[in-house]
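Trainee: Fold the following for me, if possible:
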Amino acid sequence: MHRRFGFSPVALVATWCAVVALLSAQAPQPNPAEPFTVTDVMIPMRDGVKLHTKIFVPKDQRDPLPIIMKRTPYGIERSAGNFIAYMKALADEGYIFVFQDIRGKFGSEGAFVMQRPARKAGDAAALDEGTDTYDTIDWLLKNVPGNNGRVGMLGVSYDGWTTIMGALEPHPALKAISPQASPADMFLGDDFHHNGAFRLSYGFEYAAMMESSKETQAFAFDRHDTFDWYLTLGPLANANAKYLHEKIPTWNDYVLHPSYDEFWQRQTLIPSIRDVKVPTLSVAGWWDQEDFYGPIRIYDALERYDAKHLNYLVVGPWNHGGWSGGKGDRLGPIPFGSETAVYFRDQIQAPWFAYFLKDKGRLDRPEAETFEAGTNTWRKWDAWPPKSRIEERRLYFSPERALSFDKPSEAGNAAFDSYVSDPAHPVPYRHRPIPPTYFPGGSGWTTWLVEDQRFVADRPDVLGWESMPLTQDLTIAGEVTAHLYAATSGSDADWIVKLIDVYPEEYPQAWELAGYQLMVSNEVFRGRFRKSFEKPEPIVPNAVTEYAWSLHTQDYTFLKGHRVMVQVQSTWFPLIDRNPQTFVPNIFQAKGSDFRSATHRVYRSAQYPSHVALPVVRANTSTAATGFAKP
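Mentor: As a prediction, the model looks like this:
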């Protein structure tokens with residue numbers, strides 16, 4: 001009967017939910033800014049440009065309070081929303097809050113430059129986000145009554161980047177920072193490239209959103225499934241020719257700088273880190289779909305100079321910024337057994353700022369605190385990656401698509417698995433359809449890293465090797481690395497390696513996870529950069545070549561009864577642009593005729609032992625727990 005009239009039970013339920021949501025939206029909602037007196041000001045910088053700033057002062061303030069500041073390119077008109085979750089514990093503690101539109105965005109004057117590089121040492125006339133931060137703090141101290149002379153900064157993603165930039169040449173009043181999911185290097189590992197491979201969908205859509213207007217404006221796709229749209233686009237040169245018309249500066253930078261040249265090297269802030277001037281709490285998420293490389297790299301760079309023990313790290317089971325809202329008790333279908341985001345906000349972030357800005361409590365933080373998924377336990381470490389109780393164990397690719405800790409014994413060049421990679425038929429990086437990244441109905445972008453990988457397991461251009469079921473838990477903590485011995489009939493190739501936890505086929509804890517294939521670590525490497533990111537070279541066709549690269553750090557337990565899998569493929573579309581597989585000087589200028597199929601071989605012999613190296617945590621009383629069931 002429902003179908004006769006064009007309705008289904010699901011549609012009726014959805015309609016009812018929509019009505020309830022509409023009525024709820026019309027009901028009076030609490031105003032998160034109610035406890036504050038809010039002031040809008042335009043703060044002058046040293047060059048006369050004025051930046052739009054909102055200042056929230058608690059109405060019940062009795063004593064001088066510290067200032068907590070967030071600087072953003074995403075607009076501050078809704079900044080009070082931070083007090084609902086992200087800064088609620090901080091607001092309950094009591095601070096003056098400051099939110100600022102960075103130069104050239106929304107209400108601020110000046111010109112916006114995507115990740116404006118840090119000024120060179122000694123160049124007192126130059127401007128960057130650090131100088132704007134310094135000038136803002138100086139003005140606030142002099143013009144906001146009731147401040148105690150101390151300032152803290154925090155923020156996620158771009159806001160995290162402005163936070164760490166503010167600490168390179170900090171104002172003396174800047175006493176604590178927390179750069180969270182901050183990018184560090186846009187060519188080697190963050191939003192726009194990974195190991196030189198261009199992150200097509202995000203790089204295109206983010207640049208268009210940020211630089212099409214002074215506000216933010218999503219690109220208008222004419223197809224819901226962007227996999228089809230990007231494939232129909234053809235070579236990257238068509239992006240300017242058909243759509244952008246050289247009006248998006250960041251896209252033009254991609255085209256002009258296809259290798260790790262001075263432009264990208266100037267944009268990374270890592271060389272500007274020469275000491276630890278401000279106590280720093282870096283925050284990352286294991287399944288961050290945008291910036292996992294950045295916070296780990298920033299922590300590492302600071303650690304080299306951390307003689308005073310001011311550098312700390314927290315990594316949880318989150319996507320990009322997943323700790324800033326919600327409970328954090330699950331990501332997609334993967335449960336974590338506790339409210340990890342609430343724990344971070346209440347038990348880590350709030351006490352961190354209270355200690356440094358209010359002299360409150362004790363600083364008893366470990367050097368690093370990480371969430372170990374699998375066992376779903378927070379772990380505390382005196383260093384990251386851990387230096388004790390860690391043993392490198394190599395998972396080798398073996399015959400019959402097996403995975404083993406035993407090194408291959410077969411000699412010669414005959415031991416390999418192969419596939420044909422066709423740029424015209426790339427492997428999707430997640431389930432289709434793939435909506436635009438900023439699709440208002442929810443694009444799935446935020447949880448794709450935990451999607452079940454079975455959707456590509458039967459493709460002929462995806463290789464997989466799988467262990468027997470584990471006879472005991474296998475815990476890793478530290479950096480996972482891929483070592484691939486491979487050959488291609490082409491003169492360039494991309495290599496994608498994924499380390500996967502395969503759940504048991506019978507999984508009574510959650511039936512939807514039975515047989516689930518969860519990515520634990522993954523990364524792409526563009527073959528032309530195997531010797532140098534600055535000077536790419538063609539691959540010698542059909543020659544066995546070694547490729548080694550990081551799959552990033554991880555703290556994870558493969559539980560007893562689970563299997564370990566490694567997948568290898570050469571396309572990941574449209575997350576990564578298509579490699580023509582014929583070497584061209586600049587892939588952004590490649591022609592359609594440059595894109596060709598190629599046969600790739602992955603070797604697994606004694607001479608060419610392809611493997612993934614794991615940092616296995618040794619048990620207290622025995623060797624590393626690495627047992628597999630016998631076939």
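Trainee: can you give me the strands in the stretch 301-450 of the chain?
Mentor: Using DSSP state E, counting those that start in this stretch, the strands found in the stretch 301-450 of the chain span residues 311-316, 330-331, 334-335, 368-372, 377-381, 390-398, 402-404, 416-421.
Trainee: For the spatially closest residue to residue 88 that is not a sequence neighbour, give me the pLDDT.
Mentor: Nearest residue to residue 88, sequence neighbours excluded (CB to CB, 6 or more residues apart in numbering): residue 345, at 7.1 Å. C-beta: built from backbone N, CA, C; applies to glycine. Residue 345 is assigned 98 on the pLDDT scale.
Trainee: same deal with the one 3 residues further on?
Mentor: Reported pLDDT at residue 348 in the predicted model: 98.
Trainee: surely residue 389 meets residue 617?
Mentor: Yes: with contact defined as CB atoms under 8 Å, residue 389 and residue 617 form a contacting pair (5.8 Å).
Trainee: between the two, which one's more packed in?
Mentor: Between residue 389 and residue 617, counted using other CB atoms under 10 Å, the more crowded position is residue 617 (23 against 13).
Trainee: if I look at that one, how far off is residue 563?
Mentor: 19 Å (CB to CB, to the nearest Å).
Trainee: before we move on, what about residue 577?
Mentor: In terms of CB to CB, residue 577 sits 32 Å off from residue 563.
Trainee: Neighbour count for these two, which is higher?
Mentor: residue 577 (28 against 21).
Trainee: Wait, the more buried one touches residue 202, no?
Mentor: No: here residue 577 does not reach residue 202: they are 10.9 Å apart, not a contact under CB under 8 Å.
Trainee: any idea what sits nearest residue 376, other than its immediate chain neighbours?
Mentor: residue 337 (3.8 Å).
Trainee: pLDDT score assigned to the one you found?
Mentor: The model's pLDDT for residue 337 equals 97.
Trainee: Residue 82 now?
Mentor: 97.
Trainee: Residue 5 too?
Mentor: What the model reports for residue 5 is a pLDDT of 28.
Trainee: Repeat that for residue 32.
Mentor: Residue 32 carries a pLDDT value of 89.
Trainee: Look at it and tell me its secondary structure.
Mentor: In three-state terms, and counting by DSSP: H, G, I helix; E, B strand; the rest coil, residue 32 is coil.
Trainee: which residue packs closest to it, ignoring adjacent ones?
Mentor: Nearest one to residue 32, counting by CB to CB, 6+ apart, is residue 83 at 4.1 Å.
Trainee: Would you agree the residue nearest to residue 88 is in contact with residue 85?
Mentor: Yes: look at residue 345 against residue 85 with CB under 8 Å: they come within range, at 7.1 Å.
Trainee: anything in contact with each of the two?
Mentor: Both residue 345 and residue 85 are contacted by residue 324, under the criterion CB atoms under 8 Å, 6 or more residues apart in numbering.
Trainee: So which residues of the stretch 1-150 of the chain form strands?
Mentor: Using DSSP E, counting those that start in this stretch, the strands found in the stretch 1-150 of the chain span residues 36-44, 50-58, 65-72, 96-101, 147-156.
Trainee: Show me what the last one packs onto, helices and strands only.
Mentor: Spelled out, it's strand 147-156. Judged by 3 or more CB pairs under 8 Å, 6 or more residues apart in numbering; DSSP states H and E, strand 147-156 is in contact with strand 65-72, helix 129-143, helix 158-165, strand 174-180, helix 350-358.
Trainee: ok, 10 Å please
Mentor: strand 65-72, strand 96-101, helix 129-143, helix 158-165, strand 174-180, strand 280-285, helix 350-358 (3 or more CB pairs under 10 Å, 6 or more residues apart in numbering; DSSP states H and E).
Trainee: for those, which one sits closest to residue 206?
Mentor: helix 158-165 (9.8 Å; CB to CB).
Trainee: Keeping just the C-alphas, turn the closest one into PDB.
Mentor: What follows is helix 158-165, C-alpha atoms only, in PDB (Å, rounded to 0.1, in the frame of the first residue of the first chain):
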ATOM      1  CA  TYR A 158      44.200  25.900   9.600                       C
ATOM      2  CA  ASP A 159      43.500  27.400  13.100                       C
ATOM      3  CA  GLY A 160      46.100  24.900  14.500                       C
ATOM      4  CA  TRP A 161      48.600  26.200  11.900                       C
ATOM      5  CA  THR A 162      48.000  29.800  12.900                       C
ATOM      6  CA  THR A 163      48.600  28.700  16.500                       C
ATOM      7  CA  ILE A 164      52.000  27.200  15.900                       C
ATOM      8  CA  MET A 165      52.900  30.100  13.600                       C
END
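Trainee: orientation of that helix relative to strand 65-72 in degrees?
Mentor: 120 degrees (axes from the mean of the first three to the mean of the last three CA atoms, to 10 degrees).
Trainee: tell me the mean pLDDT for helix 158-165?
Mentor: 98.
Trainee: Now find how far off-centre it is within its chain.
Mentor: Chain-centre distance of helix 158-165: 14 Å, with CA atoms, centre = their mean, to the nearest Å.
Trainee: before we move on, what about stretch 195-214?
Mentor: Distance of stretch 195-214 from the chain centroid (CA atoms, centre = their mean) equals 15 Å.
Trainee: Show the end-to-end separation of that stretch, please.
Mentor: 31 Å (CA to CA, to the nearest Å).
Trainee: same check, this time on stretch 156-171
Mentor: End-to-end distance (CA to CA), stretch 156-171: 21 Å.
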